[in-house]
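Visitor: sequence unavailable; structure follows:
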């Protein structure tokens, strides 16, 4: 993921953020969207998690499908279960 400088972040339109007024969680490209999901799952409140996930999946619907099998089970969970 490329880093956003202050000037680049300031130039982004408000629509590229999950929280436009606070300019939190930029999701202008798929790399930043994945990073927003990672950050919110590690540090966000349950309400923030729900809002960020909804915004990312609304903008990039294929982001989650890549990590699920045909039964809808998360691939990483499936691999972890096989090891047990």
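Guide: Arrived safely. Note that the structure is predicted; figures quoted are calculated from it, not measured.
Visitor: just the helices from the protein, written as ranges.
Guide: For the chain, the helices defined by DSSP state H occupy 6-11, 30-43, 46-59, 62-65, 75-83.
Visitor: distance to residue 20, mean neighbour count and mean pLDDT for these - can I get that in a markdown table?
Guide: From N, CA and C alone the C-beta is placed, and that goes for glycine too. Converted to a markdown table, the helices of the chain look like this (distance: least, CB to CB, whole Å; neighbours: other CB atoms under 10 Å; pLDDT from 0 to 100):
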| stretch | distance to residue 20 | mean neighbour count | mean pLDDT |
| --- | --- | --- | --- |
| helix 6-11 | 13 | 10 | 92 |
| helix 30-43 | 13 | 15 | 90 |
| helix 46-59 | 10 | 15 | 92 |
| helix 62-65 | 20 | 12 | 72 |
| helix 75-83 | 31 | 9 | 54 |
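Visitor: of all the ones you listed, which lies closest to residue 19?
Guide: helix 46-59 (7.8 Å; CB to CB).
Visitor: elements contacting the closest one?
Guide: Other elements packing on helix 46-59 under the criterion 3 or more CB pairs under 8 Å, 6 or more residues apart in numbering; DSSP states H and E are strand 17-19, helix 30-43, helix 62-65.
Visitor: how about the ones you listed in TSV, adding distance to residue 4?
Guide: Output for these, formatted as TSV (distance: least, CB to CB, whole Å):
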stretch	distance to residue 4
strand 17-19	11
helix 30-43	8
helix 62-65	19
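Visitor: identify whichever of those lies nearest to residue 8.
Guide: Here helix 30-43 is closest among the helices and strands packed on helix 46-59 (CB to CB), at 11.1 Å.
Visitor: that closest one relative to helix 46-59, how many degrees between them?
Guide: Here helix 30-43 points in a direction 160 degrees away from that of helix 46-59 (axes from the mean of the first three to the mean of the last three CA atoms, to 10 degrees).
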